[in-house]
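>>> give the three-dimensional model of this entry:
(2 chains)
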Amino acid sequence: MWESVKEFASEFFVTGDPLIYGADVSIVLSIIAVVSVLTYFKKWGWLWREWLTTVDHKKIGIMYILASVLMLFRGGVDALLMRAQLAMPEMQFLSGDHYNQIFTTHGVIMILFMAMPLMFGLFNVIVPLQLGARDVAFPFLNALSFWLFFSGAMLFNLSFVIGGSPDAGWLAYPPYSELAFNPGPGQDFYIWGIQISGIGSLMTGINFIVTILKVRAPGMTLMKMPMFSWSVLSSCIAIVFAFPILTVTLALLFIDRYLGGHFFTLDGGGNPMMYINLIWMWGHPEVYIIVLPAFGIFSEIVATFSRKKLFGYKSMVFAMIIISVLSFLVWAHHFFTMGSGADVNAFFAVTTMLIAIPTGVKVFNWLFTMFRGKITFETPMLWMVGIIPNFVIGGMTGVLLSVAPADFQYHNSYFLVAHFHQVIIAGVVFGFFAGLYYWWPKIFGFKLNERIGRWAFWLWNIGFYLCFMPQYALGLMGMTRRLYTYGWDKGWFEMNLVSTIGAVIMGAAFLVQIWDIAHSIKHMKRDTTGDPWNARTLEWSIPSPAPFYNFAVMPQVTSQDDWHERKLRIEQGLEKPAKVELEPIHMPKNSGIPIVMSMFWFFVGFGLIFDWLWMAVPGFIGVIACMVVHSFNYDTDYYVTVEEIKRTEAEAGRVIT
Amino acid sequence: MKTSKTVRCMSFLFMFILLFLTTGCADNYIVLDPKGPIGEQQKDLMILSTLLTLIVIVPVLILTFVIVWRYRDRKGRKAKYTPNWEHSTKLEIIWWGIPIIIITLIGIVTVRYTYSLEPSKPLESEKKPITIQVTNLDWKWLFQYPEQGIATVNYVQFPEDVPVRFEVTSDAPMNSFWIPQLGGQIYAMSGMSMTLYLQADEQGEYMGSGANFTGKEFAKMFFTANATSQENFDQWVNQVKHTSPELTLDGYKELTKQGTSDVRYFSTFPEGLYEMTVTKYAASHNHGLSTRVQPPARVKE
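Prediction:
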């Protein structure tokens, strides 16, 4: 008996690596710490009522952001491990297997479990506020989306200590990701982790399209909508078209692995290249899905801190829509060397380049928003300005890569690695950072420390250039991606060393940011105005943090930058703060079903990964049961009384008569 | 913005490091130091497209700096402030126009080169091309010389100034066959045979590698591509013919097993081995530009 338990444990848990043992210990310790703190302070009930069952979009947004910061930490540690291994030729720090697992999880985590939730966090916290709405269109669905993302992410992360991580790259190209070459549970963790969270992403996409189209404040026509909301709309449209492709592709791969199918296998008539086409039909739009909202953030920030209207609003909207459409027509540029022939390559090369046009227009429009403005450099604006050179250079190398015949030389080299890190870190991550610094006071009611924030900014940027500029050079030296080791004879040592130093500086920058948050919490100055940046859009017209019902009185929108215009009118004495009648507010009730249902999904995934039908089948029944229970639940809403609204507003320092 | 002294110091240091980086040892940049007609044209194309994009990038970077500097908020500034200026058709036409023109130019160049550099297109040469069949295995490269009847592992030699017709396939997960100094790569995929023409104009040993990840020891898939004189090449073939062991079908099966390999030479290989590898998976995946795959001839044991 004892022997068989021991044997099972040695297969079930990942063993034999001191790094993993260290991780095991720290996971157990942190679980113990969390559980005991919650028990000691008797916070379990509070946690359940206020957070785990919430349908409030702002709290869901905060949970997304928290989760994504944790994932940024994990993905960042992965990155540092890789850079440590590559710092010197013939390094013995990580084995080939371990290195492959690390770059695979680094890619998946950074794109799907860091960038996506950070983006969804900002969607959730800001979009309804910007639209003058009380919540998203489907609050219950919103909570379910979050918990699906969360259980998917946890499932994926578990592979690191249980069973073994996937190691076939972040897009898991078959046939290497097929059973024949990858028999362990790692690839199944990959499939189910992404699949479960992917369903959540798709639902978020639908939710925000409906929210933006249907629940805007009265008077806010589409062409008066803030640019961030526009960017969310175009990104969500891309989500709705792209994510079903991902779901199907992964399902087919799972059929191959689990049921002995032959969609993408080497033999039996399988065609691995079909997978590569399919996965990039999702994968390429995905890049634009995460970068479009960042464009929206830049547009908000640049107008606010230049004290000027956004230049070329219509161009911006038009450009964004073109980008989201074109993003579906470029996928084959990821494999020009697959031998599709000159016709196909020429088509995809040209469509890829076309995207540079609307993107370039946006950069010009940001520049001309600053032109003849009064620019101040608070941290959000600092990021915004810092991003322009980063993003412009990254965009330029993107055009270079799209030149198909030249791509035969860049493809799969470090030049490519440098390019996509440059656009994704500068465009997406830095963009979301800018958004976080910008909206932080709205989310939490206090500003982050400017001085430490500036340190973080400079460290990130310096580390960033040091890390990725040498990688362009390495690409031109013929270094290919995903090598875990190389010889002294290649001449790649110096550049790799510099790159590693850059990565370490970025790691330090992350710590400085965490310190910034801790420091600001300790020394916080409550923001009583609700509008600390003197900004322009509706979310700044209410107290910070926003009361749970957002707007005590529904705003009437008359122009673009409505809040800014209203402030001007009040200043000039043209408009007096109006007397309003408060009315009871209709709100959704909290629900435990999203978290419970996602836990059942977790069991489904886990059961299928280990081929334990005794776990998967009941899990699936649980999922169905949750759906049924929710369908028959008619007690889903309530009204906030006028007294409670008055009390809440008074607590936030606003008197409404 | 009040830039503190430390920040200013840091940015100087940073500029210095960038300068250092961009002036590193130039002979390491092998992609920019091609030794054959394909690599040569690809390099020209890389430089041309870089210059074209720089036409947009450089002014944007300068403009960014100037605007940010000139319109920063400070006491006693004289620059204009127009808070409601939000549209100018003239300006918008300009910056929809400029990228359109530049992208059109790059697009035209790209399309032309895409056709002329199509990897399966034979190279113009007075000399008859030599065919080398490349098979990607876990984790090694097998080269077969159908005309010479020899085979090698992780080493390939060919005469200079002669077009080399590489026929590339895979008996393992997809990889990518790349000799940077001669020209761009091509995927090595199972069930199909891809054609890649390359040529070396100079004698020399060039680094070759697998560029697409295939698993554990993928990092060990480097090989040497040695371009020598015709004489040397013939000598080498002769030597391999007479001093090396045979590659049998069993020997090939042994090679397909996962594992790295040193350089190896074989005096002969089973007839039709390459075609057999290709057709073993699926003959139906041949694109028009793939080699015509004949049914495997009699297999010699």
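>>> how about the single nearest residue of the stretch 101-250 of chain B relative to chain A, nearest residue that isn't a chain neighbour?
The nearest approach of the stretch 101-250 of chain B to chain A comes at B:Gly184, 2.2 Å away (Cβ to the nearest Cβ). Backbone N, C-alpha and C define where each C-beta goes, glycine included. Spatially, and ignoring its direct neighbours in sequence, B:Gly184 is nearest to A:Phe408 (2.2 Å; Cβ to Cβ, 6 or more residues apart in numbering or on different chains).
>>> residue most distant from the centroid, chain B?
Farthest-out residue of chain B from its mean C-alpha position, per Cα atoms, centre = their mean: B:Gly76, at 56.1 Å.
>>> pLDDT weak spots in the chain?
Picking chain A for this. Judged by pLDDT under 70, chain A has its weakly predicted residues at A:577-578, A:656-657.
>>> not quite, go with chain B.
Along chain B, the parts satisfying pLDDT under 70 run over B:1-26, B:282-301.
>>> helix or strand right after whichever helix or strand B:Tyr187 is part of?
With elements delineated by DSSP states H and E, B:Tyr187 resides in strand B:183-188, which encompasses its position. Later in the chain than strand B:183-188, the nearest helix or strand by DSSP H and E is strand B:194-198.
>>> and the helix or strand that that following strand is followed by, which strands flank it?
As assigned by DSSP H and E, the chain's next helix or strand after strand B:194-198 is strand B:204-210. Its sheet considered, strand B:204-210 pairs with strand B:175-179 (antiparallel), strand B:223-228 (antiparallel) by DSSP bridges.
>>> contact partners of the shortest one?
For strand B:175-179, the surrounding residues in contact (Cβ atoms under 8 Å, 6 or more residues apart in numbering or on different chains) are A:337, A:411-412, A:478, A:480, B:134, B:136, B:141, B:166, B:168, B:184-188, B:196, B:198, B:206-212, B:214, B:218, B:221, B:225.
>>> ok, now which ones touch the residue of chain A found nearest chain B?
Of all residues in chain A, A:Phe408 sits closest to chain B, with a separation of 2.2 Å (Cβ to the nearest Cβ). The neighbours of A:Phe408, taking Cβ under 8 Å, 6+ apart as the test, are A:336-337, B:42, B:117, B:119, B:183-186.
>>> could you export these as a markdown table, including neighbour count?
Formatted as a markdown table, these follow (neighbours: other Cβ atoms under 10 Å in any protein chain shown):
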| residue | neighbour count |
| --- | --- |
| A:Phe336 | 30 |
| A:Thr337 | 25 |
| B:Gln42 | 27 |
| B:Leu117 | 22 |
| B:Pro119 | 24 |
| B:Gly183 | 29 |
| B:Gly184 | 29 |
| B:Gln185 | 29 |
| B:Ile186 | 26 |
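>>> isn't B:Ile132 right up against B:Val164?
Yes - proximity of B:Ile132 to B:Val164 meets the contact threshold set by Cβ atoms under 8 Å, at 5.9 Å.
>>> need the overlap of contacts for the two.
B:Phe158.
>>> mind checking the end-to-end distance for stretch A:485-497?
13 Å (Cα to Cα, to the nearest Å).
>>> from the chain's centroid, how far away is the host helix or strand of the residue of chain A closest to chain B?
Assignment of secondary structure by DSSP H and E places A:Phe408 within helix A:404-410. Between the centre of helix A:404-410 and the centre of its host chain there is 30 Å, according to Cα atoms, centre = their mean, to the nearest Å.
>>> just stretch A:490-504 next, same as before
28 Å.
>>> need the residues of the stretch 151-300 of chain A near chain B, please.
Contact residues, the stretch 151-300 of chain A versus chain B (Cβ under 8 Å from any Cβ of the partner chain): A:167-169, A:173-176, A:181, A:266-267, A:269, A:271-273.
>>> one more time with 6 Å, if that's ok
On the criterion Cβ under 6 Å from any Cβ of the partner chain, chain B has as its neighbours in the stretch 151-300 of chain A the residues A:169, A:175-176, A:181, A:266-267, A:269.
>>> now tabulate these in a markdown table and tack on distance to A:Ile60, neighbour count and secondary structure.
Written out in a markdown table, the entries for those read as follows (distance: Cβ to Cβ, whole Å; neighbours: other Cβ atoms under 10 Å in any protein chain shown; DSSP: H, G, I helix; E, B strand; the rest coil):
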| residue | distance to A:Ile60 | neighbour count | secondary structure |
| --- | --- | --- | --- |
| A:Gly169 | 31 | 20 | coil |
| A:Pro175 | 40 | 27 | coil |
| A:Tyr176 | 37 | 26 | coil |
| A:Phe181 | 40 | 20 | coil |
| A:Leu266 | 44 | 25 | coil |
| A:Asp267 | 46 | 14 | coil |
| A:Gly269 | 45 | 12 | coil |
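>>> with distance to B:Trp178 added, can I get these in a markdown table?
Formatted as a markdown table, the entries for those read as follows, by distance: Cβ to Cβ, whole Å:
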| residue | distance to B:Trp178 |
| --- | --- |
| A:Gly169 | 17 |
| A:Pro175 | 20 |
| A:Tyr176 | 18 |
| A:Phe181 | 21 |
| A:Leu266 | 22 |
| A:Asp267 | 26 |
| A:Gly269 | 29 |
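>>> what about residue 264, how many neighbours?
No chain was given, so I picked chain A. Other residues lying near A:Phe264 total 26 when counted by other Cβ atoms under 10 Å in any protein chain shown.
>>> let me rephrase: I mean chain B.
17.
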